[in-house]
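K.L.:
sequence below, structure please.
(3 chains)
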Amino acid sequence: MQYWLMKSEPDEVSIDDALAAAGSTVPWTGVRNYQARNFMRDQMRVGDGVLFYHSSCAEPGIAGIAEVASTAYPDPTQFDSGSPYFDPKATRETPRWMLVDVRALRKTRLLTLDQMRAIPELADMQILRRGNRLSITPVARHEWECILQQLS
DNA sequence: GCCAACGTTGGC
DNA sequence: GCCAACGTTGGC
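P.N.:
I've put the predicted structure just below:
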């Protein structure tokens, strides 16, 4: 069992959107970074814990708890020439981009970036590092437990 | 909308 | 395989 933080722009898919989806489950489309892809493809297991993070918005922070709901499979948007995530170099025979399904479990109060920075146990979180842009990052067990405690 | 950080691209 | 140019991310 591993833990992850996954960024989503709430204008695209918020925690409310995910909870409202069929089965509270959404495909994590649009990841176009190899490191983030590799986490999904190589390391995620069904049942892994997910911190659902709202980014590029007025109040960035952790907005809910989710879990990994599938193993990795090709992101269909890479094949769709009408999609902003279209990748002309990807083919169905050799897809480039993979995704997992994510099941939202509950909305939490917003744990803001500022609040996270103020918690010493979270000081080493990748999301808090300067210049961090990765949309999917591993979360240490002690960080996960600390955050769940904060949100309870 | 600014801009620092950093990933990707492509000429050499 | 180096590295400058360029594009993107994402907090502010």
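
K.L.:
A:R109 versus the closest residue to A:W28 other than its chain neighbours, what's the distance?
P.N.:
Leaving aside its chain neighbours, A:W28 sits nearest to A:L99 (4.6 Å; criterion: CB to CB, 6 or more residues apart in numbering). In short, each C-beta sits where N, CA and C put it, glycine included. Applying CB to CB, to the nearest Å, the value for A:L99 to A:R109 is 28 Å.

K.L.:
neighbour count for those two, which is higher?
P.N.:
Higher neighbour count among A:L99 and A:R109: A:L99, with 24 against 13, using other CB atoms under 10 Å.

K.L.:
residue contacts, the more buried one?
P.N.:
Neighbour list for A:L99: A:P27, A:W28, A:T29, A:V31, A:M40, A:A72, A:Y73, A:P74, A:D75 [criterion: CB atoms under 8 Å, 6 or more residues apart in numbering].

K.L.:
what does the average pLDDT come to for the one helix or strand A:A66 maps to?
P.N.:
Element membership for A:A66, per DSSP states H and E: strand A:61-68. Strand A:61-68 carries an average pLDDT of 98.

K.L.:
after it comes which helix or strand?
P.N.:
Taking DSSP H and E, what comes next after strand A:61-68 is strand A:73-74.

K.L.:
near DNA strand C at all, whichever helix or strand comes after that following strand?
P.N.:
Helices and strands here follow DSSP H and E; after strand A:73-74, the next one along the chain is strand A:98-99. No - Strand A:98-99 lies apart from DNA strand C when judged by CB under 7 Å from any atom of the strand; the minimum separation is 14.5 Å.

K.L.:
adjacent strands (with direction) for strand A:98-99?
P.N.:
Strand A:98-99 has its sheet partners listed here by DSSP bridges as strand A:73-74 (antiparallel).

K.L.:
what does the partner strand rub up against?
P.N.:
A:R92, A:P95, A:W97, A:M98, A:L99, A:V100.

K.L.:
quick check, the first one in contact with A:F79.
P.N.:
Yes - with contacts defined as CB atoms under 8 Å, A:R92 counts as touching A:F79 at a distance of 6.2 Å.

K.L.:
give me the more crowded residue out of those two.
P.N.:
Using other CB under 10 Å as the criterion, A:R92 and A:F79 rank with A:F79 on top: 17 against 9.

K.L.:
for A:E12, give me its contacts.
P.N.:
Listed by CB under 8 Å, 6+ apart, the contact set of A:E12 reads A:G30.
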